[in-house]
Structures are given as structure tokens and as C-alpha cells.
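Q: Just a sequence and a predicted model for now, questions to come.
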Amino acid sequence: MTETIYKYQDVGRNYQKDLLGKWYKDLSTANEKKEPVAYLFISGNISELLEVFGFHLVYPEVNALQCGVRKVAGDFILKAEDTGYSPDVCGYVKNDIGLIINNNVGPFGKMPKPDLLLCTYSGCNTYIKWFEALAKFYDAPLFMLDVPYMWNGNIDADSIRYLTRQFSELIPLCEKISGKKFSMERLQEILGLSRKAEDLWVEILESSKRIPSPFDAFFEAVFFMAPIYVMRGKKECVDYYKMALEEIKERIAHQIGPVPKERFRVVMEGPPPWPHFRNFWELFKKWGVCCVGSTYSKVGGIWDLPLQGDVPSDKCFRHDPERPFETIAEYALNCYTNWSWDMRVRMMEKYLKDYLADGLVIHSVKSCRAFSVGQADVREYFSKKLNMPTLFIESDLADPRYFSEAQLKNRIDAFFESLAHKRGA
């Protein structure tokens, strides 16, 4: 039985490991082979358009979290601070600058220099200054894709037109750098693959509605979501999510979950502390906590919730090959960091209700303003107005110096002791 239970788990994880390993290996040789390289961000990225021209895609945030998980981010951050970067600057940015100072060599190999820097401004103003700095370091062309901020939950026709007109400027630049002509047929093929992966990913996310949940929508989702953000539009990405979904189905069939016995269900707001990820997870595991919903897993795009109304998830946003430019523009607009706080709060409310959660956990990150600004008000809203148990904790997503395990343990233990006491009463 054990062999059957873990059949898809082993296959899926090995496939992802090989997939990401090949991705990094291809990046390390791109400059030597004179193949075009583009840097862009995860949030609201328009990777499908760049895929048409054969660009190798580099995501600095992914490199930063990899450095955090492998416990070298602290050294890179100090290198950046030695050159004059403030301790208050985003840990991801300083990790990236430190990586450059280290000749672009990290725990994943050597990163190629970019032929194009594509900055998609989706809610985080740090992105702009980050890529301006990279443009100086690499002496590479910088294209700023200005994405309107989502204030009220409406994607209007003017915003779509504004973005698609920018694509008409970007495409000739991509043709010049890559030496390849734009192909609408190829773009539609890529978008069709993106749509298939998105359908599968939503099915995995919504498995957390089951009690007990077979899937942790935060601590596991941060790894499960990697292919859909860095390899969307590829057949290998679709194949991975088919295997990942089979693993979830196996877990359901054999009543296997991310914790031995689920005691508490929570929704998590904010990114994880990558340098101490395992220890952070253990602080929750000991209480039998499963995260059944998270906002961080939507940092790149949102497929399971509508902007307005109550629409089934399979009718929510998907890339549409029949409307190629418009759908890419919609995706750039519809990511979590580009949503207003009113919209983000609505997301958390819906997750708490639909996934039958016992409480909300807010992990506030010191150096990430896009996530942290407004979180104290969110805590007040949920704890006082909605009477929802809410835990507020702080550390950093990349800088290991801001992680105090003893302090976090005290607050987490006190929170779940209180929940257990209320449940018993």
C-alpha cells in the first residue's frame, strides 16, 4: 500500500526537481550560446509574449527565495549593504545586487546577463527602482510596462487598451533583440497550454476545501506553484500539474494530509521567511495547523476568484487563446500585489468562509512594503469587526537577521492555545 500511496508523490516531485534543474542549467549556458535572455517579475508577468521570441526568462525574486532557502541570502544582503544599500531596502533587491557582486554565481549556478529588462509594474513600486539599478549594472535595455492599479475590482476597456498599445511597442524591440518575427499562431498555442495548467492548478488549490485537507495551500503551495509562474505556457508545466493533481487525489483516497492530524484550519496572509522556512512551518505543524488558503500563492496571478460577484472558479480568469493580447493584459492587471486592500480583504474573507477556516494568520515582512503596508488595519478589521481570531507576526522574507524563533514561538503557541481553549469551552 505504501508504494501505491507515494507513487505520484515521488514521480511529481522528481519531475519538478528535474524540470527546475534543467531550467537553471539552460539559463547558465544562454549567454555562451548567444540565446536571448529577459529578466522580468513574477507578479502579473507577460511571459507568454516573450516565449514567442525564444527568450530565456529569469525571475530575480525566484533567485532570491532560492538563496534564502539555501541559506546564502544573508551573505548577499550584506554585500549589497556594504555598497551603500540601506537595511530598510527590500531583502529581495539586496540579495539580487549581492548576487551580481558575486559575479552572478549562486547556489543554483551562474545567472546569465540580460538582453532585455522587462519591468511589469504591478502594484510594487520597488520594482521600478530595482530594474533601474539592474539596467545600470548590466547596461541592458529597460522596458517599463506600466500596469494600472486595481482600485475597485473592475478591469475596464481603457486599461486593456492602455496595456495592449504598450505591447505594440514591446514586440518590435523583442524582434530586434531575438532576431525572430512575432507569430500570432505561436502565441495562441502557448496561451492554450497556460490555460490547461491553470485549470489543473485551481483544482489542486480547491482540494483544501475538504476536511481534513489533503493539501497545505501555503507551506506546500509555495513549491507547487513554481512551474506555473516560471514555466507557464510549456507542455512540461501542464504535465507537472497533471502529476501533482494525481498526488492530491491519492492523498484524498488514502486520507493523507500535510499534518498527521488536522486540528486547526487557517488562512495565511503574506510571504514566508525563506531562510527559516522549515523552522517556521514546524511552529505551526506542532499544533496540527493546515493552511487551507493563502494570498501569497496568488502573488503572480489569480485564477480561483472573480473580481466581482460569486462566479464558479472554472469561470474565473484563464488565459484565452482567442483574445491573445487582451487576455495577457488582464493577467498583468489581475495579480494580488496589484489589488487594492479592499479587494485583498474580500479575498481573505471569502477564503475564511469557503474553506471553513478557524482563523487568519498575518505574516508581516519588514522589508516588503507591497505586502506589509496596511496589514495592521487588516488585523483590526478581522479581529474587532468580524470577531475572527487573527494572529499578527513579523520577520522577513529574505533577511535572516529579522527572524526571532523564540518570539514567534511564543506568539504562535499563545494563539493556538487560545483557540484550543475556546473550542474546549
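A: Now that the structure is in, tell me what you want to look at. Numbers count the residues shown, from 1 in each chain.
Q: Disregarding flanking residues, what is the spatial nearest neighbour of the residue most central in space within the chain?
A: With distances taken as Cα atoms, centre = their mean, the chain has Val299 as the residue nearest its mean C-alpha position (4.4 Å). Ranked by Cβ to Cβ, 6 or more residues apart in numbering and with sequence neighbours excluded, the top spatial neighbour of Val299 is Tyr336, at 5.2 Å. To be clear about C-beta, it is placed using only N, CA and C from the backbone, and glycine gets the same treatment.
Q: Can you give the domain ranges for the protein?
A: Structural domains annotated on the chain: 2-185, 188-424, as defined by automatic domain parsing.
Q: Distance from the longest one to the middle of the chain?
A: When distances are taken as Cα atoms, centre = their mean, to the nearest Å, domain 188-424 is centred 9 Å away from the chain's centroid.
Q: So for Gln308, what's the pLDDT?
A: pLDDT, Gln308: 69.
Q: swap that for Leu78, please
A: Per-residue confidence (pLDDT) for Leu78: 97.
Q: tell me the secondary structure for it?
A: Under DSSP: H, G, I helix; E, B strand; the rest coil, Leu78 falls in the helix class.
Q: Same question for Pro260.
A: coil.
Q: Count the neighbours of it for me.
A: The number of residues packed near Pro260 is 10, by other Cβ atoms under 10 Å.
Q: ok, for Phe224, nearest residue in space, not its chain neighbours?
A: Counting by Cβ to Cβ, 6+ apart, the nearest residue to Phe224 once its immediate chain neighbours are dropped is Ala244, at 5.9 Å.
Q: same deal with Gln66?
A: Phe108 (5.5 Å).
Q: what's the spacing between the helix or strand where Arg195 lies and its chain's center?
A: Here Arg195, judged by DSSP states H and E, is contained in helix 184-205. Offset of helix 184-205 from its chain centre (Cα atoms, centre = their mean): 17 Å.
Q: Average pLDDT for it, rounded please.
A: For helix 184-205, mean pLDDT is 98.
Q: what does stretch 332-344 give?
A: Stretch 332-344 comes out at a mean pLDDT of 91.
Q: Ends of that stretch, what's the gap?
A: The straight-line separation of the ends of stretch 332-344 (Cα to Cα, to the nearest Å) is 16 Å.
Q: residues in contact with that stretch?
A: Stretch 332-344 has contacts (Cβ atoms under 8 Å, 6 or more residues apart in numbering) with 43-46, 120, 122-124, 145, 147-153, 155, 159, 163, 269, 295-296, 298-302, 307, 317, 347, 370-371, 374, 377-378.
Q: before we move on, back to that, return the member of the domains of the chain having the minimum mean pLDDT.
A: Note on those: lowest mean pLDDT is at domain 2-185, with a mean of 91.
Q: host element of Leu145?
A: strand 142-146.
Q: That strand: which residues count as buried?
A: 142-143, 145 (16 or more other Cβ atoms under 10 Å).
Q: from the residues you listed, which single one is nearest Phe55?
A: Each of these was checked against Phe55 using Cβ to Cβ; the closest is Phe143, at 12.2 Å.
Q: Now for that closest one: which residues touch it?
A: For Phe143, the contacting residues are 116-119, 169-170, 173, by Cβ under 8 Å, 6+ apart.
Q: Kindly supply the ChimeraX command isolating those of these that are buried.
A: Typed into ChimeraX, the line below selects the buried ones among the contacts of Phe143, using 16+ other Cβ under 10 Å:
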select :116,117,118,119,170
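Q: Tell me which two of the contacts of Phe143 sit farthest apart.
A: The span of the contacts of Phe143, defined through Cβ to Cβ, is set by Leu117 and Glu169 at 14.8 Å.
Q: picking up where we left off before, CA atoms only: put the helix holding Arg195 into CSV for me.
A: This file holds the C-alpha atoms of helix 184-205, laid out as CSV (Å, rounded to 0.1, in the frame of the first residue of the first chain):
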residue,chain,number,x,y,z
MET,A,184,0.3,35.0,-33.5
GLU,A,185,-0.2,31.3,-34.1
ARG,A,186,2.7,30.5,-31.7
LEU,A,187,1.3,32.9,-29.1
GLN,A,188,-2.1,31.2,-29.2
GLU,A,189,-0.5,27.8,-28.8
ILE,A,190,1.4,29.0,-25.7
LEU,A,191,-1.7,30.6,-24.2
GLY,A,192,-3.6,27.3,-24.7
LEU,A,193,-1.0,25.5,-22.7
SER,A,194,-1.2,28.2,-20.0
ARG,A,195,-4.9,27.7,-19.7
LYS,A,196,-4.6,23.9,-19.2
ALA,A,197,-2.1,24.4,-16.4
GLU,A,198,-4.3,27.0,-14.7
ASP,A,199,-7.3,24.7,-14.7
LEU,A,200,-5.3,22.0,-13.0
TRP,A,201,-3.7,24.4,-10.5
VAL,A,202,-7.2,25.6,-9.4
GLU,A,203,-8.4,22.1,-8.9
ILE,A,204,-5.3,21.5,-6.6
LEU,A,205,-5.9,24.7,-4.7
